[in-house]
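[1] no sequence on this one, just coordinates:
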């Protein structure tokens with residue numbers, strides 16, 4: 001592939017960091033809107049399903065509605081990616097956050113099962129589907145947006161920083177849940193206070209849309225439009241026809257990334273309450289520690305990518321992932337009293353979340369990049385994230401070590417993927433030098 005640019009300064013400027021920060025913060029606010037549901041899964045299971053239903057079944061159905069949001073990701077992601085490859089990364093990047101915020105706001109004001117019966121969980125399901133479609137367009141567009149702005153040699157750091165921003169949305173959710181558990185009693189949360197974090201998500205959405213007004217289109221996309229009169233008519237068709245060899249590693253690594261997030265953020269907080277008898281406030285506080293270290297781990301992983309390359313960094317973090325989760329569950333089972341430290345180590349071990357994007361964006365050329373990432377990432381994420389939480393919750397009564405064994409398997413998948421495909425598939429970015437970040441603008445474009 002012909003190089004589009006050759007000259008780049010060696011480091012980020014202040015304006016570059018500002019642009020990267022705006023992109024990451026906007027993503028964090030959108031992820032908050034999507035993930036806040038899981039922190040109140042127990043509460044929502046009591047509010048949106050019949051009280052006579054067994055508690056385990058209500059919780060299972062609540063998680064079922066949560067993971068349905070993942071199932072909606074492929075359709076929304078594929079449609080939004082098509083327009084991102086046609087109309088520009090920035091437009092879709094901004095639209096996705098609005099599509100996420102509105103359903104979050106509606107969840108905060110909607111009636112419960114006590115008010116409208118079975119219509120309540122059905123309405124909740126519809127809103128989660130819309131949120132899933134929105135986040136399906138957000139992540140691939142965000143990865144592409146940041147990668148195409150970043151200079152070669154710093155792309156790993158840029159994507160690691162972005163992933164830290166996206167995972168910061170998990171932290172916002174955990175901190176909000178912790179604050180509510182401290183300020184309100186369990187009865188007050190069940191009665192009315194559960195609505196506050198969803199209403200706050202609507203406000204976050206407005207802020208996110210405003211922040212993204214200050215971002216500019218990527219230089220790579222502008223150069224493509226200057227170089228060719230018409231975009232690829234059907235980007236997904238070209239992905240499936242000419243780049244099938246990239247689909248397998250992209251899908252496998254999506255499963256690895258998904259597994260780390262599901263175990264650390266989705267499953268473990270619920271398990272700590274159900275199996276280990278921790279209070280909601282204590283659980284949310286420990287989860288916050290883990291997510292802070294996950295943020296740090298993403299940035300460190302990105303720096304490692306720039307130092308040793310994406311495939312080698314993937315090998316390292318595939319080995320570290322089960323070690324971190326193993327330390328966490330050993331502290332829970334053994335009741336060692338240092339769970340906060342173990343949760344922090346688990347967060348660092350999940351730094352594979354910061355490595356995978358660097359591999360993914362390099363698997364597809366620029367003119368079809370968003371469509372290629374979106375198709376494989378969202379289809380794999382939807383199938384994997386919609387089944388693994390339910391399977392892990394169902395297997396947890398059998399053994400508390402289920403999550404550790406699961407992460408060991410996924411670490412092996414990541415390692416074998418890197419060993420096999422890393423030597424066979426050169427990353428597209430290696431032959432496609434890019435300019436530095438454009439910096440923040442002072443007005444609209």
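    All right, it came through fine. Just so we're clear, the structure is a prediction, and the values are computed from it rather than from any experiment.
[2] how about residue 352, nearest residue that isn't a chain neighbour?
    Counting by CB to CB, 6 or more residues apart in numbering, residue 352 lies nearest to residue 317, which is 3.9 Å off, once chain neighbours are set aside. No exception for glycine: its C-beta is placed from N, CA and C like everyone else's.
[3] so for stretch 297-311, what gets flagged as buried?
    The neighbour-count check on stretch 297-311 (16 or more other CB atoms under 10 Å) flags 297-306, 309-311 as buried.
[4] which secondary structure element contains the nearest residue in space to residue 361 that is not next to it in sequence?
    Sequence neighbours aside, residue 147 is the residue nearest to residue 361 in space, at 4.3 Å (criterion: CB to CB, 6+ apart). In this structure, residue 147 sits in helix 119-149 according to DSSP states H and E.
[5] from the chain's centroid, how far away is that helix?
    Put simply, helix 119-149 sits 10 Å off its chain's centre (CA atoms, centre = their mean, to the nearest Å).
[6] and that helix, average pLDDT?
    For helix 119-149, the mean per-residue pLDDT is 83.
[7] report the buried residues of it.
    Buried residues in helix 119-149 (16+ other CB under 10 Å): 120-121, 123-125, 127-149.
[8] same question for stretch 259-276.
    For stretch 259-276, the neighbour count (16+ other CB under 10 Å) marks 259-274 as buried.
[9] what's the closest of those to residue 24?
    Closest approach between the buried residues of stretch 259-276 and residue 24, by CB to CB: residue 261, at 16.5 Å.
[10] which element is that closest one on?
    Counting by DSSP H and E, residue 261 is part of helix 247-261.
[11] which is the next helix or strand following that helix?
    Using DSSP H and E, the first helix or strand after helix 247-261 is helix 268-274.
[12] so what touches that following helix?
    38-39, 41-42, 59, 174, 278-280, 282-284, 286-287, 290, 328, 332, 393, 396, 400, 403 (CB atoms under 8 Å, 6 or more residues apart in numbering).
[13] so which of those residues are in helices?
    Counting by DSSP state H, the part of these found in helices is 38-39, 41-42, 59, 174, 280, 282-284, 286-287, 290, 328, 332, 393, 403.
[14] list the residues that contact the residue nearest to residue 291 when sequence neighbours are not counted.
    Using CB to CB, 6+ apart and skipping the chain neighbours, the partner closest in space to residue 291 is residue 171 (4.2 Å). Counting by CB under 8 Å, 6+ apart, residue 171 touches 288, 291, 292, 295.
[15] from those residues, pick the one nearest residue 63.
    residue 291 (19.3 Å).
[16] that closest one against residue 167, yeah?
    Yes: with contact defined as CB atoms under 8 Å, residue 291 counts as touching residue 167 (6.2 Å).
[17] ok, the two, which is more surrounded?
    The residue with more neighbours, out of residue 291 and residue 167, is residue 167; 29 against 26, by other CB atoms under 10 Å.
[18] quick one, the helix or strand harbouring that one and helix 119-149 angle?
    Here residue 167, judged by DSSP H and E, is contained in helix 155-183. Going by axes from the mean of the first three to the mean of the last three CA atoms, to 10 degrees, helix 155-183 is angled at 150 degrees with respect to helix 119-149.
[19] so which bits of helix 155-183 are buried?
    Within helix 155-183, judged by 16+ other CB under 10 Å, the buried ones are 155-178, 180-181.
[20] that helix - what's its average pLDDT?
    86.
[21] ok, back up a step: of the buried residues of stretch 259-276, which is the nearest to residue 368?
    Closest to residue 368, out of all of these and judged by CB to CB, is residue 261, at 26.1 Å.
[22] leaving out chain neighbours, which residue sits closest to the closest one?
    For residue 261, ignoring the flanking residues on the chain, the nearest one in space by CB to CB, 6+ apart is residue 353 at 6.4 Å.
[23] three-state assignment of the one you found?
    On the three-state scheme (DSSP: H, G, I helix; E, B strand; the rest coil), residue 353 is labelled helix.
[24] fine, thanks again, bye for now.
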